[in-house]
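# Generate a structure from the sequence data that follows.
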Amino acid sequence: QVQLVESGGGLVQAGGSLRLTCAASGSTFITYPVAWFRQAPGKEREFVGFINWSGDIIYYKESVQGRFTMSRDNAKGMVYLQMNSLKPEDTAVYYCAASNIRKYYEGEYRYWGQGTQVTVSS
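Residues are numbered from 1 along each chain as shown. Now for the predicted structure:
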């Protein structure tokens with residue numbers, strides 16, 4: 001069993017930066033790929049980024065490519081999402097998820113965190 005806890009969200013002005021952290025418990029975490037998803041009010045949850053177990057395969061949603069960076073530290077059981085040049089349209093609740101059941105960009109993962117709010121003001 002894996003438990004995920006996100007942190008690092010908050011309120012930031014447009015152009016600013018935040019680093020989200022997904023902390024995992026459970027020794028099997030290091031074998032799982034991890035993704036970040038987000039959900040804005042009134043919108044469907046959407047894929048943001050994906051990192052494989054070793055950290056050498058990473059995919060991003062096109063609109064965050066070049067602004068967001070995913071990384072992981074398996075020794076610490078952590079996955080990070082560094083978000084730079086934030087825009088108001090990045091405002092959402094951000095969730096980390098581990099162990100995909102289907103395609104990495106589809107929201108079918110075995111384990112989910114509770115989410116952390118990111119608000120970007122204009």
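
# can you pull out the strands in this protein?
3-7, 10-13, 18-25, 34-39, 46-51, 58-60, 68-73, 78-83, 92-100, 109-112, 116-121 (DSSP state E).

# Need the contact partners of the fourth one.
Counting contacts by Cβ atoms under 8 Å, 6 or more residues apart in numbering, the residues outside strand 34-39 that touch it are 20, 22, 45-51, 70, 72, 79, 81, 90, 92-98, 100, 104-105, 107, 109, 115, 118. In short, each C-beta sits where N, CA and C put it, glycine included.

# What residues of it count as buried?
Applying a neighbour-count criterion of 16 or more other Cβ atoms under 10 Å, the buried positions in strand 34-39 are 34-38.

# that older thread, mean neighbour count, the strands of the chain: which tops it?
Using mean count of other Cβ atoms under 10 Å, the stretch among the strands of the chain with the largest mean neighbour count is strand 34-39, at a mean of 24.

# List the strands paired with that one, with their directions.
In its sheet, strand 34-39 lies beside strand 46-51 (antiparallel), strand 92-100 (antiparallel), with partners assigned from DSSP bridges.

# Rebuild the strands of the chain as CSV, extending it with mean pLDDT.
Converted to CSV, the strands of the chain look like this (pLDDT from 0 to 100):
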stretch, mean pLDDT
strand 3-7, 97
strand 10-13, 98
strand 18-25, 96
strand 34-39, 98
strand 46-51, 98
strand 58-60, 97
strand 68-73, 97
strand 78-83, 98
strand 92-100, 96
strand 109-112, 95
strand 116-121, 98
